[in-house]
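Enquirer: Need coordinates for the following:
(2 chains)
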Protein chains: 2
Amino acid sequence: MDNIWNNYPELKQELTNVVDLMKKNVKCKDKKIENSIIELIESGGKLLRPAFVLIGAKFGDNDIEKSIPTAAVIEMLHMATLVHDDVIDDSKLRRGKETIQSKYGKDYAVYIGDYLFCVCFKILATNSSLQSIKVDSRAMSKICMGEVNQLNSRFSMKLSVKDYLSRISGKTAELFSISLYLGAAECGADTKLAKELGNIGHNLGMAFQIIDDILDYEGSDKSIKKSAANDLKQGIYTLPLIYAFKNNKDVFKDVLGKEYYSEEEVKEIINLVRENKGIEFAKELAEKYMKKCFKGIDKLPDNEYKYVLKEIAEWLLKRTY
Amino acid sequence: MDNIWNNYPELKQELTNVVDLMKKNVKCKDKKIENSIIELIESGGKLLRPAFVLIGAKFGDNDIEKSIPTAAVIEMLHMATLVHDDVIDDSKLRRGKETIQSKYGKDYAVYIGDYLFCVCFKILATNSSLQSIKVDSRAMSKICMGEVNQLNSRFSMKLSVKDYLSRISGKTAELFSISLYLGAAECGADTKLAKELGNIGHNLGMAFQIIDDILDYEGSDKSIKKSAANDLKQGIYTLPLIYAFKNNKDVFKDVLGKEYYSEEEVKEIINLVRENKGIEFAKELAEKYMKKCFKGIDKLPDNEYKYVLKEIAEWLLKRTY
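Expert: Numbers count the residues shown, from 1 in each chain, chains lettered A, B, ... in the order given. Model (predicted):
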């Protein structure tokens, strides 16, 4: 488990319970399937989303235990989308470990993702309410639509900021948002407060994803360039590039829209993005979402976890600056 | 819609409502996604599973309207698995039309399948009960496990009848079974009756799939051979082959276990299956399931739809004989 949780022993214990519940629910006759999922659970994700569920729950009146299954489900929905994303991206590694699709084949990974979806809804049906299932399935639809939208806009030279924002809203912000929302709503917080927490999650997710995309263009580290190159090769153009392109279309005309980029070309595009203020503009937008996020947190009712949420948001969002 | 339903105007009208509800629920901002799913809905599946839900519902006391959403969900879960199966099998055609994966790409098809799963659970959460969601998600887990099991046993020379039966139990019988079960249970039939209907569905599904697999080895038609060849190439060994292999292992030793079969080799294997009583033995087992199915139907309480179910089962199971 990520070291960050050592600072919050209560939360850490609850996250351990979440992980145990996940492991318990993926138990099945086929040990190969069970083990491949348990490997994934243990491969050291940050467990941000379940932590948000638990933090949201601290703003309600009911027993926090009620939110453990929801936290497990949200992490497993996230895992299911990662498994399918790796199939699409043909990724060899995830969290430094070999992906399911690389280890067991794409076919296997498609069904493992499906199986994870099923387990999620089984847990929900056993422990949750119809209302929560509705929220979860709507959020998952939105995530799928975001992914399809990303596929459809690959290599598109339209490069619209609006499209990008709607894409990352589905891809990242949606699960952040419903984590905080459902945690609160299911533990008896009033609807207005739950929705405010949902908004905080949305803004945090948007800022987080934009910063992630900025990092691809900012570092000098090889792995960072590799990640930018990977997106470029798949025709996924992120915010820094979109802004730089808007600022100076002419210089990009000849280098973009290819289905293969050499090392040299990737370097050239990264430099063009930097020279044409792509990073600066993207940072400005990230700051806007960050401000909204922290403003939302400040307005929350006084509660120890208001400050925990603030610290975690700071940790997540200040990775670059 | 399949002509069979012309014989049952009430059922036909209800199935039309099911199709309308499916279309209504896949409406989304992205018209490309919406249209690709509507094409699939309109591509002329038999609508067996939703029909079973409706027939099951006729054995309850409540308004049949209650079962329309469940019928829509079961058909869409089936569609989701077909979309993902086509990704795995790399199929070009489904119901005589180009598959989603062939038309829009594998990546797209993975997410469309996921999106369909989400829509299913959204419909259930809006119209159904936690109990039904539990049954659905358990059944879907079983189906996924069946598919993974099929993947894992590809090209395996173990060829066990038990494994085959457990595979088709997940692949086909499970959805047949829960269709009849849920239709009845949700419309207020008592639990014992609902379970009996579920058993009938299971036996019908088992017989149906065995017959389907027999047909691959029985006809002289080119397309039938193609289907057997397709299974063989994917290392999927079905019941007639398993029985023939059990009867005379030596003759199969040199021809099986390959990852590619020429036209000549497919013909040879089909002949070996025929010569070594693979079809005869498989038919015997199909008959056993058929008998159980009809015995179950005969024991049902008197109701117009008892006879409808019998006619449909006869239509489905007597395709060969």
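Enquirer: Skipping adjacent residues, who's closest to the residue nearest the centre of chain A in space?
Expert: Note on chain A: the residue nearest the mean C-alpha position is A:Thr172, at 3.8 Å, using CA atoms, centre = their mean. Leaving aside its sequence neighbours, A:Thr172 sits nearest to A:Gln209 (CB to CB, 6 or more residues apart in numbering or on different chains; 4.1 Å). In short, each C-beta sits where N, CA and C put it, glycine included.
Enquirer: where does the one you found land in three-state SS?
Expert: Secondary structure, DSSP: H, G, I helix; E, B strand; the rest coil: A:Gln209 is helix.
Enquirer: do A:Gly113 as well
Expert: Put simply, A:Gly113 is helix when judged by three-state DSSP.
Enquirer: Please look at it and A:Asp85 and confirm they touch.
Expert: No - with contacts counted by CB atoms under 8 Å, A:Gly113 stays clear of A:Asp85, the gap being 9.0 Å.
Enquirer: Mind checking which of these two has more residues around it?
Expert: Taking other CB atoms under 10 Å in any protein chain shown, A:Gly113 and A:Asp85 do not tie; A:Gly113 has more neighbours (26 against 21).
Enquirer: Would you mind identifying the helix or strand in chain A with the lowest mean pLDDT?
Expert: Ranked by mean pLDDT, DSSP states H and E, the helix or strand of chain A with the weakest confidence is helix A:222-233, at a mean of 67.
Enquirer: and the residue in the stretch 151-300 of chain A positioned nearest to chain B, what does it touch?
Expert: Chain B sits closest to A:Leu151 of the stretch 151-300 of chain A, with a gap of 5.4 Å, by CB to the nearest CB. With contacts defined as CB atoms under 8 Å, 6 or more residues apart in numbering or on different chains, A:Leu151 is in contact with A:Ile88, B:Gly105, B:Asp107, B:Tyr108, B:Tyr111.
Enquirer: Now pLDDT, secondary structure and neighbour count too, for those, in CSV please.
Expert: What follows is the contacts of A:Leu151, written out as CSV (pLDDT from 0 to 100; DSSP: H, G, I helix; E, B strand; the rest coil; neighbours: other CB atoms under 10 Å in any protein chain shown):
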residue, pLDDT, secondary structure, neighbour count
A:Ile88, 79, helix, 20
B:Gly105, 81, coil, 13
B:Asp107, 83, helix, 22
B:Tyr108, 85, helix, 22
B:Tyr111, 88, helix, 25
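Enquirer: out of those residues, who's nearest A:Ala189?
Expert: For those, the closest approach to A:Ala189 (CB to CB) belongs to B:Tyr111, at 32.9 Å.
Enquirer: From what I see, that closest one and A:Thr81 are in contact.
Expert: No - shown here, B:Tyr111 and A:Thr81 do not form a contact pair, counting by CB under 8 Å, at 9.4 Å.
Enquirer: picking up where we left off before, any chance of the contacts of A:Leu151 in CSV, plus distance to A:Leu11?
Expert: Listed next are the contacts of A:Leu151 as CSV, based on distance: CB to CB, whole Å:
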residue, distance to A:Leu11
A:Ile88, 33
B:Gly105, 42
B:Asp107, 37
B:Tyr108, 39
B:Tyr111, 33
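Enquirer: Quick one: mean pLDDT over the helix or strand in which A:Asp136 is found.
Expert: Using DSSP states H and E, A:Asp136 maps to helix A:130-152. Mean pLDDT, computed over helix A:130-152, is 83.
Enquirer: ok and it relative to helix B:130-152, angle-wise?
Expert: Helix A:130-152 and helix B:130-152 are oriented at 40 degrees to each other (axes from the mean of the first three to the mean of the last three CA atoms, to 10 degrees).
Enquirer: which parts of the stretch 151-300 of chain A sit against chain B?
Expert: Neighbours of chain B within the stretch 151-300 of chain A, by CB under 8 Å from any CB of the partner chain: A:Leu151, A:Asn152.
Enquirer: again, only using 6 Å
Expert: Proximity of the stretch 151-300 of chain A to chain B, by CB under 6 Å from any CB of the partner chain, involves residues A:Leu151.
Enquirer: Please enumerate the helices of the stretch 151-300 of chain A.
Expert: With helices called from DSSP state H, counting those that start in this stretch, the stretch 151-300 of chain A shows them at A:161-168, A:174-186, A:191-218, A:222-233, A:239-247, A:249-252, A:263-275, A:278-299.
Enquirer: So which elements touch the third one?
Expert: Yep, that's helix A:191-218 we're talking about. Counting contacts by 3 or more CB pairs under 6 Å, 6 or more residues apart in numbering or on different chains; DSSP states H and E, helix A:191-218 is packed against helix A:174-186, helix A:222-233, helix A:239-247, helix A:278-299, helix A:304-317.
Enquirer: mind running it again at 8 Å?
Expert: Applying 3 or more CB pairs under 8 Å, 6 or more residues apart in numbering or on different chains; DSSP states H and E, we find helix A:191-218 packed against helix A:48-57, helix A:161-168, helix A:174-186, helix A:222-233, helix A:239-247, helix A:263-275, helix A:278-299, helix A:304-317.
Enquirer: Turn those helices into CSV, columns for mean neighbour count.
Expert: Shown next, in CSV, are the helices and strands packed on helix A:191-218 (neighbours: other CB atoms under 10 Å in any protein chain shown):
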stretch, mean neighbour count
helix A:48-57, 28
helix A:161-168, 17
helix A:174-186, 27
helix A:222-233, 16
helix A:239-247, 23
helix A:263-275, 16
helix A:278-299, 18
helix A:304-317, 17
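Enquirer: Quickly, which of those bottoms out on average pLDDT?
Expert: Mean pLDDT is lowest for helix A:222-233 among those, at a mean of 67.
Enquirer: Having no further points to raise, I will conclude here.
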